[in-house]
Each structure stands twice: as C-alpha cells, then as structure tokens.
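Student: Just to be clear, the model below is a prediction. Sequence and coordinates:
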Amino acid sequence: MSLVEADLKDAAIVLVSAAVLDYLIGDPWGWLHPVQVMGWSIGQYTTTAFRFVKHPILRKGAGVGLAIALIVGSSAIAQIIVAIAHSIHSGLGIAVAVVLLASCFAGRSLRHAAEDVLKPLTEGNLEAARSRLRLYVGRDTDALSEPEILRAVFETVAENAVDGVMAPLFYALVGAFFPVGSVGLAIAYKAASTLDSMVGYRTAPYAEIGWFSAKTDDVLTWLPCRLTVITLGLLSGKPIQVWKVCQRDAAQDPSPNSGWSECVYAAALEVQVGGVNYYRGLEKPKPLLGEPIRPITPERIRAALRLTRWCFLIWLGVWSVGYGIVSNFGSG
C-alpha cells in the first residue's frame, strides 16, 4: 500500500466515523468545543484592538491579522494535536481526528435546535416556543405568531445547512487529498465561519475590524453553497425549476450565499421565506424567496432537515467512490 493510499484510507475512516459520531451524539453538553476556544480568542483580540487601535485603516489591518491568525492558527493547532496523538498510537490519532472533525459538523445540533422550538409549539405553548427560539436567532421573538416562528425555524435550518453542515463537509472532503488533511481544512473553514458570525458586520463597531472576515467567509462558502443548491435541486426532482427560482430570488438578498441557501430549500419544498423581521425593535425587511405554494409547517421543516441529511450522504458517497477509484488505480 502506497503512502497516498494509506493516508486516504485513514481519511475515509475519519470522515465516515465523524459523520456517524455527529449523527448519533453531536456536541455533548458541557464539553469544550473548538468554536468556544475560537470565540474566546476573537473576543480577547477585538477587545484589545478596540482599546488601542483607533484609526479606521489600522483597524482594517487588525481585522486582516485577526482573520489570518485565527484561520491558520486553528488549522495548525488541530493538525498538531492529531499528529501528537498519532505519534502515541495510530488508533488514538484517528480517534482524535474523528472527534475534531465531528465538531465541525452541526447536523445533529441543527436538528436539536429545530425540535427544541417545534416541541412546545406543537403542544400549543407559544410562549415557550418563543423563549426557545430566542436561543437560536437574533431577531426579536416576543411577539411572533406561530407562522412567524415556523418561518424563523425554517430559515435557520436552511441558512445553517450550508455553513454549519455542507461547507465543513466540502472542505473535509477536499482536505483529504492534501497534506493539510480533512481536519485541518475543515477547522480552518470553521474558524472563518466563526469570525463571520462574531465580527462580520457592516455596522459599528465591527465595520472595519470585521470586513476581511466577512469577505473571506463569503469566498470560502460560495462554491459549497452552489454545489448544495445543485444537489438539492436534483434531490427535489425538479432541478430546472428550483434553479430558476433561485436565480430569480436569491440575488435579492445582500448576502452572496445565505440567500441562495434559504431560497433553494424554499423552492425545493414549495414554501416562501423572508419578510419583515425586528431586531431590537427596529424593522428590517428581507426579500421574499420562493413561492408560497405550501405553508411552512413542522413537517416542511423536518423535510428540510432530511434534505440536508441526504445531501450530506450523497457528497460523502461520491467522495467514497472517488477514493475507491484512486485506490484501485494505485493498486493497479
């Protein structure tokens, strides 16, 4: 067996095991998560930068330094941890890699978040549903009606399917063919996504320090987002129709990726998302995406979660076929 084949065999074990671990367990409550460490680092850096760096141009430079340091540093630390574990025992190295990679996938967490809101909602407890929803979205939830709660959950499931599930998987699959590895590249993407969620805003005080993080996340998410759109279109059985709706509506969203992510789920499941949201009492309209052929119901939300699961399995399956081809070519 060649070195390349051995590396790919380990990568296949890690990828499949991480997918199973995320599906069965997800992120155990109380365990230290890499994103928590990233978030703490970002918070410490930005607090210091806001205190000592006042000029807008210098703050932009500080933002570039933050993004590069966190993305490269997180990836390097993850690779070093795996390498140290592997030097102790190959099985330990694989186990550590599996845990680290599983932490990059948010499939189970996304399902849990949706069900956490849907459970009290289906029981008729609107106040509890609003309270649970507040944990997962930034919009005001105190006065939301049942349809608005369902829309918020659907939008959360659709938007986070790309940056929380499919994009990390994409970079894990790509990383398997390079020295950086699946864990290294997936962790690097997770760092970029965390940066965007924490500092990637166009408003003060993050406009300068977060601009590079926002752009980096946009660029890194662009390709896996479009591949997700294509895959979901095929899964829906009406790829041309879904693509046309996305082309018509998705571009109205100011984000180059979240509009496409939300729109493809809306088009595939024949619902409409978007509308007026309130943030700290301020009205913020979002473009309407998709056609309101069906109402958004708990079953439509669960159907969106199933689409994500099937998309994940298809990508993993296609990669496995590619791995088999490489292995057969090498053995031949």
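Tutor: Arrived safely, thanks for sending. Here the structure is a predicted model, which means the values were calculated and not measured. Numbering: from 1, shown residues only.

Student: Ramachandran angles for residue 275?
Tutor: With angles defined as degrees, to the nearest 10, residue 275 sits at phi 130, psi -160.

Student: what's the neighbour count on it?
Tutor: 14 (other C-beta atoms under 10 Å). Backbone N, C-alpha and C define where each C-beta goes, glycine included.

Student: quick one: it and residue 255, what's the gap?
Tutor: Distance, residue 275 to residue 255, by C-beta to C-beta, to the nearest Å: 16 Å.

Student: Residue 77 now?
Tutor: 29 Å.

Student: Also residue 233?
Tutor: 20 Å.

Student: Between these two, which is the more surrounded one?
Tutor: A side-by-side neighbour count of residue 233 and residue 255, using other C-beta under 10 Å, places residue 233 first with 21 against 16.

Student: Does the more buried one touch residue 244 like I think?
Tutor: No - using C-beta atoms under 8 Å, residue 233 makes no contact with residue 244, being 9.9 Å away.

Student: All the helices of the stretch 51-200 of the chain, residue numbers only.
Tutor: Counting by DSSP state H, counting those that start in this stretch, the stretch 51-200 of the chain has helices at residues 56-88, 90-102, 107-122, 126-133, 146-161, 167-175, 181-199.

Student: Redo these as TSV? Include mean pLDDT, distance to residue 218 and mean neighbour count.
Tutor: Putting those into TSV (pLDDT from 0 to 100; distance: least, C-beta to C-beta, whole Å; neighbours: other C-beta atoms under 10 Å) gives the following:
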stretch	mean pLDDT	distance to residue 218	mean neighbour count
helix 56-88	97	12	17
helix 90-102	95	24	20
helix 107-122	96	21	18
helix 126-133	96	27	18
helix 146-161	97	14	22
helix 167-175	97	12	24
helix 181-199	97	8	26
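
Student: wait, which of those is closest to residue 288?
Tutor: For the helices of the stretch 51-200 of the chain, the distance to residue 288 is smallest for helix 146-161, at 10.9 Å, taking C-beta to C-beta.

Student: Tell me what angle that closest one forms with helix 167-175.
Tutor: On the basis of axes from the mean of the first three to the mean of the last three C-alpha atoms, to 10 degrees, helix 146-161 is oriented at 10 degrees to helix 167-175.

Student: For helix 146-161, which outside residues touch it?
Tutor: 106, 110, 113-114, 117-118, 121, 126, 129-130, 133, 136-137, 139, 141, 144, 228, 258, 261-262, 264-266, 271, 273-275, 295-298, 300-301, 304-305, 307-308, 311 (C-beta atoms under 8 Å, 6 or more residues apart in numbering).

Student: if we go to 7 Å?
Tutor: 106, 110, 113-114, 117-118, 121, 126, 129-130, 133, 136-137, 139, 144, 258, 261-262, 265, 271, 273, 296-297, 300-301, 304-305, 308 (C-beta atoms under 7 Å, 6 or more residues apart in numbering).

Student: Just say helix, strand or coil for residue 284.
Tutor: strand (DSSP: H, G, I helix; E, B strand; the rest coil).

Student: ah, wrong one, I meant residue 274
Tutor: strand.

Student: Distance of it relative to residue 285?
Tutor: In terms of C-beta to C-beta, residue 274 sits 8 Å off from residue 285.

Student: which one of the two has more residues nearby?
Tutor: Per other C-beta under 10 Å, whichever of residue 274 and residue 285 has more neighbours is residue 274, with 20 against 9.

Student: For that one, list the residues it contacts.
Tutor: Residue 274 neighbours (C-beta under 7 Å, 6+ apart): 286, 287, 288, 289.

Student: try it again with 8 Å
Tutor: Counting by C-beta under 8 Å, 6+ apart, residue 274 has contacts 155, 262, 286, 287, 288, 289.

Student: Kindly indicate which of the residues you listed lies nearest residue 171.
Tutor: Checking these against residue 171 with C-beta to C-beta, the nearest one is residue 262 at 21.4 Å.

Student: Flag every buried residue along the host helix or strand of the closest one.
Tutor: For residue 262, the host element (DSSP states H and E) is helix 258-269. Neighbour counts over helix 258-269 (16 or more other C-beta atoms under 10 Å) mark 258, 259, 260, 261, 262, 263, 264, 265, 266, 267, 268, 269 as buried.

Student: Now pLDDT too, for these, in a markdown table please.
Tutor: Below are those laid out as a markdown table (pLDDT from 0 to 100):
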| residue | pLDDT |
| --- | --- |
| 258 | 94 |
| 259 | 95 |
| 260 | 97 |
| 261 | 97 |
| 262 | 97 |
| 263 | 98 |
| 264 | 98 |
| 265 | 98 |
| 266 | 98 |
| 267 | 98 |
| 268 | 98 |
| 269 | 98 |
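
Student: Return the closest of those residues with respect to residue 65.
Tutor: Ranked by distance to residue 65 (C-beta to C-beta), these are led by residue 258 at 26.2 Å.

Student: excluding its backbone neighbours, what's nearest the closest one?
Tutor: Distances taken as C-beta to C-beta, 6 or more residues apart in numbering put residue 159 closest to residue 258, at 5.0 Å, once the chain neighbours are dropped.

Student: Geometric centre of this structure: which residue is closest?
Tutor: Central residue of the chain (C-alpha atoms, centre = their mean): residue 164, 1.7 Å from the mean position.
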